[in-house]
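# Got a predicted structure plus its sequence, pasted below:
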Amino acid sequence: MASQENYVIIDTDCGVDDAVALMLALDCHRKGLIRILAITCVYGNTDVCQVVRNVFLTLRLFGLEKTIRVLKGCAFPLREKIGFEDGFMGIDGLGNSVHRMPEIDCQTEEEHAAQAIVSLVQQFPKQIQLLSLGPLTNLALAQHLYPSVLNEFREIIAMGGMIEMLGNVGPTTEFNFFNDPEAVHMVLTNSTCPMTIVPWDTCLKTRMLWKHFDEIVEKNTEKSKFLENIYQSIYEHKVYGRNVSPGVVLCDIIVVFVAVFSKIIKLTDEYPVAIELAGHLTRGQLIIDRTGRADRKKFKNDRMARFVTELDIEEAVKVLKKALD
């Protein structure tokens, strides 16, 4: 059994990269590197009920669909419904592949994901890493239920935002944080535990080459077939497809590397961070103060966060190949 300091909750909107991140985390769980206490589901890449199904389909690859707790969470953002992507990840979040997969029992516990987060943090204070792979709505709701909950994590690791301005929703916005800026604001202004952010621009420069992806797929195992199926819609994507992109954008997968394989990660110093809530063109933009001029900061109740800037992609590929074997 993993030691206390390796307890993990994964909060996910289970799209393609989330599923691979889960596969890596589940392999680590099985090897005793971490202990996954729960997987909490949130809307994002698809609707929350489909997210639940996608999580169970991924768990089944490891025979853990009856073992690890799965809890359904928020179906909408705190303020307004943004709408789901239906191109990059497919309508079902897994490349429009779910209809080809065998049916699975997707019965979750009755407890809401936010309440489960609160209960687990109360049970294991200062011992849990929260891995956030989607919008932060479940975390924000947990904070509303139990105001000090966000201070009781050992660490929050989230994929979202950007350091440089090269967005995947708008010019200055990234999908996860854009989907619920108010939730991001609640997390940033009500948490004091260490926070590490995997920004979108780092994801763009740390891609797994398609030849390495093919080496995994060609193993012809149950996991490799699942991987090939869920990436079908991405193959032909006009920006990230095989003919235009040098490799697979890892995104949420990097969050698991941060949590478990920190030696292959490079981090920045801590910087003050905030989220833009009102901008006509910049709503949902993560603001990072790298000036070092504390006397002119305009953030209110700002908190500090570190950012992932580099991943040793060769070592990451080795880890992934073993995990997805």
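Done, it's in.
# Remind me what the longest helix out of those in the chain packs against, helices and strands.
Secondary structure of the chain read by DSSP state H shows that its longest helix is helix 16-30. Where contact means 3 or more CB pairs under 8 Å, 6 or more residues apart in numbering; DSSP states H and E, helix 16-30 is packed against strand 7-12, strand 35-41, helix 48-60, helix 222-230, helix 252-260, helix 313-323. Just so you know, the C-beta spots here come from the backbone N, C-alpha and C atoms, and that holds for glycine as well.
# contact partners of the helix or strand that the fifth one is followed by?
In this case it means helix 252-260. Next along the chain after helix 252-260, taking DSSP states H and E as the criterion, comes strand 265-267. Contact with strand 265-267 is made by 196, 254, 257, 258, 306, 307, 308, 309, 310, 311, 312, as judged by CB atoms under 8 Å, 6 or more residues apart in numbering.
# Partner strands of the lengthiest strand in the chain, with direction?
Secondary structure of the chain per DSSP state E: the longest strand is strand 303-311. Sheet pairing of strand 303-311 (DSSP bridges) gives strand 195-198 (parallel), strand 265-267 (antiparallel), strand 271-275 (antiparallel).
# tell me the angle of it relative to helix 252-260?
110 degrees (axes from the mean of the first three to the mean of the last three CA atoms, to 10 degrees).
# State the mean pLDDT of strand 303-311.
Per-residue pLDDT values over strand 303-311 give a mean of 95.
# can I get the CA coordinates of that strand in CSV?
C-alpha atoms of strand 303-311 as CSV (Å, rounded to 0.1, in the frame of the first residue of the first chain):
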residue,chain,number,x,y,z
ARG,A,303,-1.8,33.6,-4.2
MET,A,304,1.4,32.1,-5.6
ALA,A,305,1.8,29.2,-8.0
ARG,A,306,4.6,27.5,-9.8
PHE,A,307,4.5,26.6,-13.5
VAL,A,308,5.8,23.6,-15.4
THR,A,309,8.1,24.8,-18.2
GLU,A,310,9.8,21.7,-19.4
LEU,A,311,9.3,17.9,-19.5
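# residues of it that come out buried?
For strand 303-311, burial by neighbour count (16 or more other CB atoms under 10 Å) applies to 303, 305, 306, 307, 308, 309, 311.
# quick one: which of the residues you listed is nearest to residue 263?
residue 311 (11.0 Å; CB to CB).
# I figured that closest one hits residue 199, correct?
No - counting by CB atoms under 8 Å, residue 311 does not reach residue 199; the two are 12.0 Å apart.
# From residue 92, how far out is residue 233?
10 Å (CB to CB, to the nearest Å).
# what do you get for residue 116?
24 Å.
# go on, residue 206?
27 Å.
# Check which residues of the helix or strand of the chain with the lowest mean pLDDT are buried.
Least confident helix or strand of the chain, by mean pLDDT, DSSP states H and E, is helix 232-235 with a mean of 86. Of the residues in helix 232-235, those with enough neighbours to count as buried (16+ other CB under 10 Å) are 233, 234.
# ok, and what's touching it?
16, 87, 88, 89, 90, 95, 96, 97, 240, 241, 242, 248.
# ok so, going back, got the CA positions of the longest helix of the chain in PDB?
Taking Å, rounded to 0.1, in the frame of the first residue of the first chain, the C-alpha atoms of helix 16-30 are listed here in PDB:
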ATOM      1  CA  VAL A  16      -8.700  11.800 -24.800                       C
ATOM      2  CA  ASP A  17      -5.700  13.200 -22.900                       C
ATOM      3  CA  ASP A  18      -7.500  12.700 -19.600                       C
ATOM      4  CA  ALA A  19      -8.000   9.100 -20.400                       C
ATOM      5  CA  VAL A  20      -4.300   8.600 -21.000                       C
ATOM      6  CA  ALA A  21      -3.500  10.500 -17.900                       C
ATOM      7  CA  LEU A  22      -5.800   8.200 -16.000                       C
ATOM      8  CA  MET A  23      -4.100   5.200 -17.500                       C
ATOM      9  CA  LEU A  24      -0.700   6.400 -16.400                       C
ATOM     10  CA  ALA A  25      -2.100   7.200 -12.900                       C
ATOM     11  CA  LEU A  26      -3.800   3.800 -12.700                       C
ATOM     12  CA  ASP A  27      -0.600   2.000 -13.600                       C
ATOM     13  CA  CYS A  28       1.200   4.000 -10.800                       C
ATOM     14  CA  HIS A  29      -1.700   3.100  -8.400                       C
ATOM     15  CA  ARG A  30      -1.300  -0.600  -9.300                       C
END
